[in-house]
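# sequence-free structure coming up:
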């Protein structure tokens, strides 16, 4: 009841009223040309429903006039896409037919009810408009004065009810098809996966750069050697520059910038990570086997991030300790292993951090496996990434 009382004050009532009046132009044009066969427009509009772009035009008009509070929201139940299947085309045909019928009823009420109010006002003033008024009964002047607003109230009620009805029908007949809903769900899933990947990228890249900078700065302060300090500052500068490039690339993706993001680093650039770790004081024993530059794109990019996170964890938790790195490419898989001794002051490294979890997630997304945990008297990160399924 409260909603009906507020209806005359809601802009959507009048936008829906306009939507109901638009098809009447076709009816008026037909009646101007041919006064008989008022049902002919129903046949005229039927072929237009099979045109794919008609569904797009009807969807945009319905979203703009029937749901004006959120015309750009995809989840308002009304699709704004051309017909992709015959099911969409038949639903568009049915929509055009129903819209004409509902619009005819709305226009009939729009024309006749105000006329009734005018006749009642004229009777209340004692000046009937015609000798034969359209009213079924001729009320007394005082009764006519009381009844004069009733047709206008009824008109508002009719417009509100028909507006709600046509909106519900639009959501049913112009709503997204099953294929469109599946496409939207896939796009949403891709967006969430991309955000998760970006979060991992920032964690690995910026975390590695900060870890290297902290280790280098601490070592330079305690060493007291100008030459070592110079090398440490150079390593911090190089690592910081690489981190800034990664950050700029990620921000370009987040901003949806038209500028092409820079290429993500690959395992072919693993020497940069190894030299960064060596510059931090770690003795890195590395062995890279196979043509790493020929690795598939997803494998080589994720492999680089796994190696980066493994080295970052070593520097962050153990400091500049000896590190053994093995990267081996076989015809079927890529093997990546990073092992390091644990300092005597810590018996085991924690395995529940987001970095180690990110390593396992990266491997799982490619259909591989990653193991992180104690190995003998040290710590090992071992990842196996398949190549056959990726190719």
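Great, that's in hand. Computed from a predicted structure; not experimentally measured.
# Buried residues, the helix or strand where residue 114 lies. List them.
Using DSSP states H and E, residue 114 maps to helix 86-124. Across helix 86-124, burial judged by 16 or more other Cβ atoms under 10 Å covers 88-89, 91-93, 95-100, 102-104, 106-107, 109-110, 113, 116-117, 119-124. In this view, the C-beta of every residue, glycine as well, is placed from N, C-alpha and C.
# Could I get the average pLDDT for stretch 366-377?
Mean pLDDT, computed over stretch 366-377, is 86.
# what about it, how long is it end to end?
Across stretch 366-377, the terminal residues are separated by 30 Å (Cα to Cα, to the nearest Å).
# distance of the closest residue to residue 266 other than its chain neighbours from residue 364?
The shortest distance from residue 266 to any non-neighbouring residue, by Cβ to Cβ, 6 or more residues apart in numbering, is to residue 300 (4.0 Å). Residue 300 sits 17 Å away from residue 364, going by Cβ to Cβ, to the nearest Å.
# which of these two has more neighbours?
residue 300 (23 against 11; other Cβ atoms under 10 Å).
# Is the closest residue to residue 289 other than its chain neighbours part of a helix or strand, or is it coil?
Excluding its sequence neighbours, the residue lying closest to residue 289 (Cβ to Cβ, 6+ apart) is residue 328, at 4.2 Å. Under DSSP: H, G, I helix; E, B strand; the rest coil, residue 328 falls in the strand class.
# a helix runs through the residue nearest to residue 266, doesn't it?
Yes: Residue 300: assigned to a helix according to three-state DSSP.
# Just the pLDDT for it.
For residue 300, the predicted pLDDT is 87.
# how about it, what does it touch?
266-268, 292 (Cβ atoms under 8 Å, 6 or more residues apart in numbering).
# And those residues, which of them are buried?
266-267, 292.
# Run a quick neighbour tally on the residue nearest to residue 289.
Here the number of neighbours of residue 328 (other Cβ under 10 Å) works out to 14.
# So what sits opposite it in the bridge?
For residue 328, the beta-bridge partners are residue 289, residue 335 (DSSP bridges).
# shouldn't it be in contact with residue 335?
Yes: using Cβ atoms under 8 Å, residue 328 is in contact with residue 335, at 4.5 Å.
# give the contact list for the residue nearest to residue 290 when sequence neighbours are not counted.
In space, and not counting its chain neighbours, residue 290 is closest to residue 329: 2.9 Å by Cβ to Cβ, 6+ apart. If you count contacts by Cβ under 8 Å, 6+ apart, residue 329 has them with 289-292, 294-295, 335, 387.
# measure residue 329 to residue 158 for me?
To residue 158, residue 329 is 74 Å away according to Cβ to Cβ.
# Pop out the phi and psi values for residue 324.
According to degrees, to the nearest 10, the main-chain angles of residue 324 amount to phi -110, psi 120.
# Quick one: residues contacting it.
Residues in contact with residue 324 (Cβ under 8 Å, 6+ apart) are 285, 337-340.
# That one pairs with what?
Bridge pairing for residue 324 - DSSP bridges - gives residue 285, residue 339.
# can you give me the helices in the stretch 151-300 of the chain?
Using DSSP state H, counting those that start in this stretch, the helices of the stretch 151-300 of the chain run over 178-223, 226-254, 270-279, 297-317.
# on contacts alone, who are the packing partners of the third one?
Contacting helix 270-279 under the criterion 3 or more Cβ pairs under 8 Å, 6 or more residues apart in numbering; DSSP states H and E are the following elements: helix 178-223, helix 226-254, strand 284-289, helix 297-317, strand 323-329.
# give me that answer again for 7 Å
helix 226-254, strand 284-289, helix 297-317, strand 323-329 (3 or more Cβ pairs under 7 Å, 6 or more residues apart in numbering; DSSP states H and E).
# of the ones you listed, which approaches residue 181 most closely?
Closest of the helices and strands packed on helix 270-279 to residue 181 is helix 226-254, at 26.1 Å (criterion: Cβ to Cβ).
# circling back: quick one: the residue nearest to residue 289 from residue 299, how far?
13 Å.
# Low-confidence regions, the stretch 1-150 of the chain specifically.
The stretch 1-150 of the chain contains residues with pLDDT under 70 at 1-4, 27-39, 69-76, 128-138.
# In it, mark out all the helices, start to finish.
Under the criterion DSSP H, counting those that start in this stretch, the stretch 1-150 of the chain contains helices at 2-6, 11-21, 24-33, 40-45, 52-65, 86-124, 141-147, 150-173.
# want to throw the ones you listed into CSV with distance to residue 226?
Shown next, in CSV, are the helices of the stretch 1-150 of the chain (distance: least, Cβ to Cβ, whole Å):
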stretch, distance to residue 226
helix 2-6, 79
helix 11-21, 74
helix 24-33, 86
helix 40-45, 86
helix 52-65, 69
helix 86-124, 74
helix 141-147, 102
helix 150-173, 74
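# Nearest to residue 229, out of those helices?
The closest of the helices of the stretch 1-150 of the chain to residue 229 is helix 52-65. By Cβ to Cβ, the value is 64.2 Å.
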